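> no sequence for this one, just the structure:
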Ligand SMILES: Cc1cc2nc3c(=O)[nH]c(=O)nc-3n(C[C@H](O)[C@H](O)[C@H](O)COP(=O)(O)OP(=O)(O)OC[C@H]3O[C@@H](n4cnc5c(N)ncnc54)[C@H](O)[C@@H]3O)c2cc1C
């Protein structure tokens, strides 16, 4: 299989211009965690040759990196200055059963990958200051700023985040960083139904006490508080008064380990069962989680009901009838990359965008039926 590894944006631009002229499809690959290579056709375009941190200004809370830079390298650099990425991007290799090298920052932005802290801090796309990219004709484009958000006209970084490599190849990302919270504390309440859990989470989130994440799993709601010690202690006391029930508490490393597990979905590592991702309106989450639990299998609810993960053998048609945008992330024993069909209006809109960015349709052909996925229009 042909594998291109361009070493510069200019080289990438020339390659894409050639592929455009010959209408030769390319499969864009960052770290390869999603395992789309082999599932859709085309020559592989690896971004790993475009790697390295271009600039990091801890005092300004900004970082610029080439798209193929490993996420682990960025996180290690940030941790030297006690900083992190606010949107807590997951590493789903364990879940996807892939031996890939690990996520790249370009792959993270391309799927708008966001973890439990999205609830408080927003999604990946909310932290992008600017991007550089090469479109389907080979044109090098720039949008936004490098040290502050500076967009006139359409904010293309928001469009590209979540486009799964169907519009352009990201080459560089400027991103906001966040000081790392010195204290992490988890308050857990057990023995709840999905409906009771949703009510408890809504109650906690309606307070000004900055719950940074809230997950429901195996009858237990976990609420996370983060920040400087005295602040967390004060918010903890108020939340405990509000909850007024038996609460288990986890602090420090125990709390951080628990949330790493939720972030990376460690409970869904059983490769023999399919795994589904359902992104729904938060208010519909409890009923859907209840229904899925009744079908048998394992359910985790995040983002206050807006994101549900389901690992189980329930009939795919039934799951799609409950949530049409449900995405099969993993078949039994195999990862699967293709997206479900889009609603008609959205499909037209996506096709129009793709026509503008990639008129010859060379990027990730067939991944989203030739258009951006409705499932990811979050
Ligand atoms: C079907 C499926 C859905 C997934 N959905 C999510 C999700 O919603 N949230 C989440 O956190 N994780 C998701 N993942 C896991 C996700 O792939 C990784 O968390 C993250 O993308 C890994 O980064 P990577 O560099 O390994 O990307 P890869 O696995 O190499 O690529 C992921 C996607 O991004 C595209 N891409 C990669 N680099 C670039 C670039 N520089 N420019 C343009 N496009 C690029 C690829 O073509 C591919 O479509 C999903 C995985 C699968 C199989």
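Looks like it arrived, so ask away. Values in this document were obtained by computation on a predicted structure and should not be read as measured data. Numbers count the residues shown, from 1 in each chain.

> on the three-state scheme, the residue of the stretch 51-200 of the chain found nearest the ligand is what?
Using CB to the nearest ligand atom, the single residue of the stretch 51-200 of the chain nearest to the ligand is residue 107, 2.2 Å away. Placement of C-beta: from N, CA and C, glycine included. The local conformation at residue 107, judged by DSSP: H, G, I helix; E, B strand; the rest coil, is helix.

> if I read this right, it contacts residue 35, doesn't it?
No: between residue 107 and residue 35 there is no contact under CB atoms under 8 Å: 11.6 Å.

> just want to know which of the two has more residues nearby.
residue 107 (27 against 19; other CB atoms under 10 Å).

> contacting residues around the more buried one?
Applying CB atoms under 8 Å, 6 or more residues apart in numbering to residue 107 gives the contacts 30, 31, 33, 34, 47, 113.

> repeat that with 10 Å
By CB atoms under 10 Å, 6 or more residues apart in numbering, residue 107 lies in contact with 28-34, 47, 67-68, 70-71, 89, 100, 113, 164-165, 170.

> which members of those additionally contact the ligand?
Subset of these in contact with the ligand: 28-34, 47, 67, 100, 113, 164-165, 170, counting by CB under 6 Å from any ligand atom.

> tell me how far the residue of the stretch 51-200 of the chain closest to the ligand lies from residue 167.
According to CB to CB, to the nearest Å, residue 107 and residue 167 sit 15 Å apart.

> confidence score at the closest residue in space to residue 161 that isn't next to it in sequence?
Nearest residue to residue 161 in three dimensions, chain neighbours excluded: residue 125, at 3.5 Å (CB to CB, 6 or more residues apart in numbering). The predicted local distance difference test score for residue 125 is 96.

> right, and residue 125 touches residue 114 too?
Yes: contact between residue 125 and residue 114 holds when scored by CB atoms under 10 Å: they sit 8.3 Å apart.

> which one's more surrounded, these two?
Taking other CB under 10 Å, residue 125 and residue 114 do not tie; residue 114 has more neighbours (29 against 18).

> residue ranges for the helices of the stretch 151-300 of the chain, please.
For the stretch 151-300 of the chain, helices defined by DSSP state H, counting those that start in this stretch occupy the ranges 156-160, 194-205, 229-243, 252-264, 285-294.

> mind checking which of the ones you listed is nearest residue 183?
Nearest of the helices of the stretch 151-300 of the chain to residue 183, taken as CB to CB: helix 229-243 at 4.7 Å.

> if we can go back for a sec, among the contacts of residue 107, which are in strands?
Counting by DSSP state E, these place 28, 29, 170 in strands.

> I'd like to know which of these is nearest to residue 85.
Of all the ones in strands among the contacts of residue 107, residue 170 has the smallest distance to residue 85: 15.8 Å, by CB to CB.

> check contacts around that closest one.
Going by CB under 10 Å, 6+ apart, residue 170 touches 28, 30, 47, 50, 66-68, 104-110, 128, 131-134, 157, 160-161, 163.

> give me every residue in the stretch 1-150 of the chain lying close to the ligand.
Proximity of the stretch 1-150 of the chain to the ligand is assessed by CB under 6 Å from any ligand atom, with 28-36, 47, 67, 90, 92, 96, 100, 103-104, 106-108, 110-111, 113 identified as the residues in range.

> for stretch 238-253, the distance to its chain's centre please.
In terms of CA atoms, centre = their mean, to the nearest Å, the centre of stretch 238-253 is set 28 Å apart from its chain centre.

> and for stretch 85-95?
In this view, stretch 85-95 has its centroid 7 Å away from the chain centroid, taken as CA atoms, centre = their mean.

> mind checking the end-to-end distance for that stretch?
21 Å (CA to CA, to the nearest Å).

> could you tell me how many residues sit around residue 167?
By other CB under 10 Å, the residues close to residue 167 number 24.

> wait, what's in contact with it?
Neighbour list for residue 167: 110, 133, 135-136, 156, 159-160, 350, 353-354, 356-358, 363-364, 371-372 [criterion: CB under 10 Å, 6+ apart].

> same check on residue 101?
Residues 30, 31, 32, 33, 48, 70, 72, 93 are the ones in contact with residue 101 under the rule CB under 10 Å, 6+ apart.
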